[in-house]
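Asker: please work out how this folds:
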Amino acid sequence: MEMNQETALQLFEDGAFFILLDVPVGTEFGIDYNSWQVGEKFKGVKMIPEGVHFVSYNSVNKKHKEAAPKLGFFHFFHSKEVLVRRWDKQLETISEDVIEGEELANFESSLKELDRFLGPYPYDNYKKWKSLTNHITESLMNRLEPASGRISSATELVRDGEEKVSYTVGELPTSMKEAEGRLPKMVAVAGTEIRFVTLPTRAYPEGATPADITKYSMDKSFMLEELLSTHYAGNHMDLLGELQFAFVCFMVGQVFDAFEHWKKLVHLLCLCDEALGRHEGLYSAFISTMHFQLREIPEDFFVDIVSSHNFLTTTLQVFFYNLANCETASRQLKKRGCQFKDHLTKTFRWDFDAEQDDDAPVVVHLGET
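Answerer: The predicted model follows:
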């Protein structure tokens, strides 16, 4: 999406500003799917389109030329907003302190002087970013982001304060298993975890008949309904927003736990049967969401992470089968599913119609490891 003069003028007038002061030269800085090495004159980004954006950065050790774990945060930029942050030299990160009040007003009045130090938002990639985040609302973003306000590619760990020592100090372990058991138990630092929803663990309703237990052990529609009513009663599309949030955290923020959550949500949505007819809008949007996400995954990713466990092919195979055989799903949704299936077959050469043999990977049920 190239920026024409009219769009450029509109973004100049209505776009947001992110002013970032005192960033060391050589630091890797990014916004959304774009990243650069900071130069001497860099003081931020201008002409940012209104909406959800992801700011990321790596501090770089000049001596060893090694980058620290990637850090980042989401922010919903409003039209004409001016966000000002400073680099914390001691912690080698963007300070959590937000510039406000009179100091912020001074920056807002001096934007013309700062203009030459601000890089324009790379609008060429905005259409792609929008397609990957169109379901992430400001309220959902605030709900999911860690309490610390910062997302790290490396989990910050501390020793579990409630851990109990069950051996005598100085006593040698008698086995490797016992030695490993003596290692301190580590837990994530409170407030640093992304606040993803906890998926339901019960697959069928209370008092279910044996037939229903068998049915809902295969069809995850009951679990989906529980998730929607518990966490997304106001807006079912927020579930897709969380799916997108997890995808961005993994693909851009390099957070592996986010990939695991993304997998669980994809599993849940794909393993439903009854729900296909009840939630046409949700599933139509799910197909679009998956279409845009799979376009952005590097080809070697499937070999290294996904195809090694045949995760997507087995999961989507179940989804396409359920959709084709669902009596309550509309012809329009079925057609959309067929088009998506054909696209994936042509693009990745995946065969969704082949029968799995005894040695083929099976779809892992939610909650299993």
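Asker: hey, where'd the strands end up in this structure?
Answerer: Secondary structure of the chain by DSSP state E: the strands cover 16-21, 28-31, 34-37, 44-48, 51-58, 60-61, 66-67, 71-77, 82-88, 93-94, 119-120, 151-152, 157-159, 186-188.
Asker: using CSV, write down the CA coordinates of the longest one.
Answerer: Output of strand 51-58 as CSV, limited to C-alpha atoms (Å, rounded to 0.1, in the frame of the first residue of the first chain):
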residue,chain,number,x,y,z
GLY,A,51,-5.0,2.1,16.2
VAL,A,52,-3.1,-0.7,17.9
HIS,A,53,0.7,-0.8,17.4
PHE,A,54,3.5,-2.8,18.8
VAL,A,55,6.8,-1.0,19.7
SER,A,56,9.8,-3.3,20.1
TYR,A,57,13.5,-2.8,20.9
ASN,A,58,16.8,-4.6,21.7
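Asker: distance between that strand and the chain's centre?
Answerer: Taking CA atoms, centre = their mean, to the nearest Å, the mean C-alpha location of strand 51-58 is offset from the chain mean by 12 Å.
Asker: that strand pairs with which strands?
Answerer: If you go by DSSP bridges, strand 51-58 pairs up with strand 28-31 (antiparallel), strand 71-77 (antiparallel).
Asker: skipping adjacent residues, who's closest to the residue nearest the centre of the chain in space?
Answerer: With distances taken as CA atoms, centre = their mean, Ala246 lies nearest the centre of the chain, 2.0 Å away. Nearest non-adjacent residue to Ala246, counting by CB to CB, 6 or more residues apart in numbering: Trp262, 4.1 Å away. Quick note: C-beta positions are derived from backbone N, CA and C, even for glycine.
Asker: ok, now which ones touch the one you found?
Answerer: Contacts for Trp262 (CB atoms under 8 Å, 6 or more residues apart in numbering) come out as 243, 246-247, 250.
Asker: kindly write the ChimeraX command that selects the buried subset of those.
Answerer: In ChimeraX, this line selects whichever of the contacts of Trp262 come out buried by 16 or more other CB atoms under 10 Å:
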select :243,246,247,250
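Asker: which of the contacts of Trp262 lies closest to Pro122?
Answerer: Closest to Pro122 out of the contacts of Trp262 is Phe247 (19.8 Å), distances taken as CB to CB.
Asker: can you tell me how far the residue nearest to the centre of the chain is from Trp36?
Answerer: 25 Å (CB to CB, to the nearest Å).
Asker: returning to what we had before: ok, which of the strands of the chain comes nearest Leu239?
Answerer: strand 51-58 (16.2 Å).
Asker: what angle do strand 44-48 and the closest one make with each other?
Answerer: Taking axes from the mean of the first three to the mean of the last three CA atoms, to 10 degrees, one finds that strand 51-58 is oriented at 160 degrees with respect to strand 44-48.
Asker: for strand 51-58, give the mean pLDDT please.
Answerer: Strand 51-58 shows a mean pLDDT of 96.
Asker: with stretch 15-34 instead?
Answerer: pLDDT averaged over stretch 15-34 gives 94.
Asker: thinking again about what came up before, now mean neighbour count too, for the strands paired with strand 51-58, in JSON lines please.
Answerer: Below are the strands paired with strand 51-58 laid out as JSON lines (neighbours: other CB atoms under 10 Å):
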{"stretch": "strand 28-31", "mean neighbour count": "20"}
{"stretch": "strand 71-77", "mean neighbour count": "21"}
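Asker: mind putting those into TSV with distance to Met237?
Answerer: Below are those laid out as TSV (distance: least, CB to CB, whole Å):
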stretch	distance to Met237
strand 28-31	25
strand 71-77	16
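Asker: and the strands of the chain as JSON lines, adding distance to Val255?
Answerer: Below are those laid out as JSON lines (distance: least, CB to CB, whole Å):
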{"stretch": "strand 16-21", "distance to Val255": "22"}
{"stretch": "strand 28-31", "distance to Val255": "14"}
{"stretch": "strand 34-37", "distance to Val255": "16"}
{"stretch": "strand 44-48", "distance to Val255": "23"}
{"stretch": "strand 51-58", "distance to Val255": "11"}
{"stretch": "strand 60-61", "distance to Val255": "20"}
{"stretch": "strand 66-67", "distance to Val255": "16"}
{"stretch": "strand 71-77", "distance to Val255": "9"}
{"stretch": "strand 82-88", "distance to Val255": "21"}
{"stretch": "strand 93-94", "distance to Val255": "16"}
{"stretch": "strand 119-120", "distance to Val255": "25"}
{"stretch": "strand 151-152", "distance to Val255": "6"}
{"stretch": "strand 157-159", "distance to Val255": "14"}
{"stretch": "strand 186-188", "distance to Val255": "12"}
